[in-house]
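K.L.:
I would like the atomic coordinates for the input below:
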Amino acid sequence: MKKILNSIGLVAMAALLFTNVSYAQEKSVMVGGAAMFPSKTIVENAMNSKDHTTLVAAVKAAGLVETLQGDGPFTVFAPTNEAFDKLPKGTVETLLKPENKQMLSSILTYHVVASKLDSKTLMEWIKKNGGSYTVKTVQGGEIKFSIMGKTLMLTDEKGNMAHVTIKDVYQKNGVIHVIDTVVMPK
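P.N.:
Numbers count the residues shown, from 1 in each chain. Coordinates of the predicted model:
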């Protein structure tokens, strides 16, 4: 019996070691103090970022976890905790209430595009279209992209602007671009 348990222990350790080695070989990007691995889904990676705890709580409250763990591809413009802190006092708490689930879902899906858009592609489209490019979000609204210096910018339907602070964080089911402001639909 002891031999069997030792064998099981060795197999478990080997599996753990193999998993850690395969993650170590992946090209990850650090976001919120955690490595974001291309073999994990958007939700799996976001849950490890200290900078995205508010976003993760909102995704859970809106019932979007299963969707964002799906095959995608998705492009997520992920506001940081500091971005949520820029909203008027009490806004986040109000949005997280069950009775506001539909409004929260609308705001969050406004941050998602149903395709994989890396920064190189977006910047090419911006240049080809005279300095801006507009895409439709999963929510149904539009976000306009532009370049300020070397920074990729988003402008929402209300005229608010967000800077992409970390671009091209590749995921198993898409790509994340970290932004410094929560963008809002009409």
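
K.L.:
give me the pLDDT value at the nearest residue to Met30 once chain neighbours are set aside.
P.N.:
Spatial nearest neighbour of Met30, chain neighbours left out: Met36 (7.4 Å); criterion: C-beta to C-beta, 6 or more residues apart in numbering. For the C-beta atoms, the positions are set from N, CA and C on the backbone; glycine is no exception. At Met36, the predicted lDDT confidence score is 86.

K.L.:
check contacts around the closest residue to Ala114 other than its chain neighbours.
P.N.:
Distance criterion C-beta to C-beta, 6+ apart; nearest residue to Ala114, sequence neighbours excluded, is Val138 at 5.4 Å. Neighbouring residues of Val138 by C-beta atoms under 8 Å, 6 or more residues apart in numbering: 74, 109-110, 112-114.

K.L.:
returning to that earlier point: give the contact list for the residue nearest to Met30.
P.N.:
Shown in contact with Met36 (C-beta under 8 Å, 6+ apart): 28-30, 45, 48-49, 169, 171, 176.

K.L.:
what is the end-to-end distance of stretch 88-107?
P.N.:
End-to-end distance for stretch 88-107: 15 Å, by C-alpha to C-alpha, to the nearest Å.

K.L.:
among the contacts of Met36, which are in strands?
P.N.:
Counting by DSSP state E, these place 29-30, 169, 171, 176 in strands.

K.L.:
does the residue nearest to Met30 have beta-bridge partners, and which?
P.N.:
Note on Met36: beta-bridge partners by DSSP bridges are Val29.

K.L.:
roughly how far apart are it and Gly174?
P.N.:
Computed as C-beta to C-beta, to the nearest Å, the Met36 to Gly174 distance reads 12 Å.

K.L.:
export the contacts of Met36 to a markdown table and append columns for distance to Gly131, neighbour count and pLDDT.
P.N.:
What follows is the contacts of Met36, written out as a markdown table (distance: C-beta to C-beta, whole Å; neighbours: other C-beta atoms under 10 Å; pLDDT from 0 to 100):
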| residue | distance to Gly131 | neighbour count | pLDDT |
| --- | --- | --- | --- |
| Ser28 | 33 | 18 | 80 |
| Val29 | 28 | 17 | 84 |
| Met30 | 31 | 11 | 79 |
| Asn45 | 32 | 26 | 89 |
| Asn48 | 36 | 16 | 88 |
| Ser49 | 32 | 23 | 90 |
| Val169 | 25 | 24 | 94 |
| Gln171 | 29 | 25 | 92 |
| Ile176 | 25 | 24 | 95 |
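
K.L.:
which pair of those spans the longest distance?
P.N.:
The largest separation in the contacts of Met36, counting by C-beta to C-beta, is between Met30 and Gln171 at 14.5 Å.

K.L.:
for Lys136, give me phi and psi.
P.N.:
Main-chain torsions, Lys136, degrees, to the nearest 10: phi -90, psi 140.
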